[in-house]
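Q: Any chance you can model this:
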Amino acid sequence: MEISLEGQVALVTGASSGIGKAAAKALADAGAAVVVNYNSHAEPAQQLVAEIRAAGDRAIAVKADVSSESDVEQMFRQTLNEFGRLDILVANSGMQRDAAILDMTLEDWNAVIQVNLTGQFLCARAAIRQFVAQGIDSSISRAAGKIIHMSSVHERIPWAGHVNYAASKGGVDLLMRSLAQEVSHQRIRINSVAPGAIRTAINEEATQGDAADKLLELIPYGRIGAVEDVANAIVWLASDASDYVVGASLFIDGGMSLYPEFRDNG
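A: Predicted coordinates for the structure are as follows:
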C-alpha cells in the first residue's frame, strides 16, 4: 500500500530531533507540507527544513514553546499564513525531569506537566478549531483533520522515579480519548502513539552496551526500536488508510507493555 499525503499540511511539535524529526521527514516524504516546530534549538530545525526542501517538498521552521498559549496561537497563525490550511497535527513535544518522589520539586512536576500535557491540550485545541473552520475537502482527505498525540508505554506501565512523566502520559491517554469522543462526529480523527524503548540521542546511554542488554529483557520482540518505527505509524495514522481508527492508542514497543517479566510467573 502506498500512502500519499499530497496537498496536506502537517504541523509537528518538537520536530528538531528524535521521533519528532523522523515524523516530520516521513510526513514530507509522503507528500505533506511540514511545519517543523522547535523551542530552543533553531539550527537542527533549519537543517531539517533544508533537507526537506532539497528533496522537493515544502517546509518551514517555527519557534514556539508549546506550554505557552500565546506561542501556540502564533505558531498556528504562521502555519496558516504560509500554507493556508492544516490537516495533520503531531503533538510530539515532551520532556523529562526525573527524581525520586522524596526529591522531586514542584518545579520539576509543573515543568513536565506543562509541556507534556498542557502543551498537547493547547495544540489540540488550536488544531480542532482550525479543522472545524475549514471543514472537509474530500479531494485531500476523508477527514476534516487528524491529530496524533505522543504518549508512551508509561501511560500504562508505572514508572518509579518518574512520576511526573508517567502522570503526564496517563493524562495524554485520557485527553486523546476524551477529545476523540467529543469531536469525532465532526470527522476529526484523534489517536495517539505510545512508544516504548526507542533509540534517540536523548537516551543513547540507556540503549547502548550493557544497559541495552538489560533493557532487552523488557522487550519480547528482541530489539530496541528506531525512530522510523514510530514515524511510519504516525504517517499511517495521518492517512486515509487508517480512516476508521478513532480514539486508539497504538503501542509501538516490541511488546514491552505486555509485562514480559511475568512470562515465567503466571
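Q: drop to CA atoms for contacts and neighbour counts, all remaining ones
A: Will do.
Q: where in the protein is pLDDT low?
A: For the chain, applying pLDDT under 70 flags the ranges 266.
Q: quick one: the strands in it?
A: 9-12, 33-38, 59-63, 88-91, 145-150, 188-195, 249-252 (DSSP state E).
Q: Reformat those as CSV; add mean neighbour count and distance to Val172.
A: Below are the strands of the chain laid out as CSV (neighbours: other C-alpha atoms under 10 Å; distance: least, C-alpha to C-alpha, whole Å):
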stretch, mean neighbour count, distance to Val172
strand 9-12, 27, 16
strand 33-38, 28, 20
strand 59-63, 23, 23
strand 88-91, 27, 10
strand 145-150, 28, 7
strand 188-195, 26, 9
strand 249-252, 20, 10
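Q: which residues of this structure fall in helices?
A: 18-29, 42-54, 69-83, 106-113, 119-134, 163-183, 209-216, 227-238 (DSSP state H).
Q: and those helices, which is most packed in?
A: Compared across these, helix 18-29 shows the largest average neighbour count, a mean of 25 (mean count of other C-alpha atoms under 10 Å).
Q: That helix - contacts with which helices or strands?
A: Secondary-structure packing of helix 18-29 (3 or more C-alpha pairs under 8 Å, 6 or more residues apart in numbering; DSSP states H and E): strand 9-12, strand 33-38, helix 42-54, helix 227-238.
Q: Determine how far the last residue of stretch 60-78 lies from the first.
A: Using C-alpha to C-alpha, to the nearest Å, the end-to-end distance of stretch 60-78 comes out at 9 Å.
Q: And for it, what's in contact with it?
A: Stretch 60-78 is contacted by residues 13, 34-40, 42, 45-46, 49, 93, 114-115, 118-120, 122-123, 126-127 when judged by C-alpha atoms under 8 Å, 6 or more residues apart in numbering.
Q: Try it again at 7 Å.
A: For stretch 60-78, contacts defined as C-alpha atoms under 7 Å, 6 or more residues apart in numbering pick out 34-39, 45-46, 49, 114-115, 118-119, 122-123.
Q: Next: stretch 156-175.
A: So stretch 156-175 is contacted by 96, 98-101, 109, 112-113, 116-117, 151-152, 154-155, 257 (C-alpha under 7 Å, 6+ apart).
Q: CA atoms only for that stretch, dumped as CSV, please.
A: Extracted as CSV, the C-alpha positions of stretch 156-175 are listed here (Å, rounded to 0.1, in the frame of the first residue of the first chain):
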residue,chain,number,x,y,z
ARG,A,156,0.0,2.1,31.2
ILE,A,157,3.2,1.0,32.9
PRO,A,158,4.0,2.7,36.3
TRP,A,159,7.5,4.2,36.4
ALA,A,160,9.0,4.7,39.8
GLY,A,161,11.3,7.8,39.9
HIS,A,162,9.5,9.4,37.0
VAL,A,163,6.0,10.1,38.5
ASN,A,164,5.7,13.4,36.7
TYR,A,165,6.4,11.9,33.3
ALA,A,166,4.1,8.9,33.9
ALA,A,167,1.3,11.0,35.2
SER,A,168,1.6,13.3,32.1
LYS,A,169,1.4,10.4,29.7
GLY,A,170,-1.5,8.9,31.6
GLY,A,171,-3.2,12.2,31.2
VAL,A,172,-2.4,12.3,27.5
ASP,A,173,-4.2,9.0,27.0
LEU,A,174,-7.5,10.3,28.5
LEU,A,175,-7.0,13.7,26.9
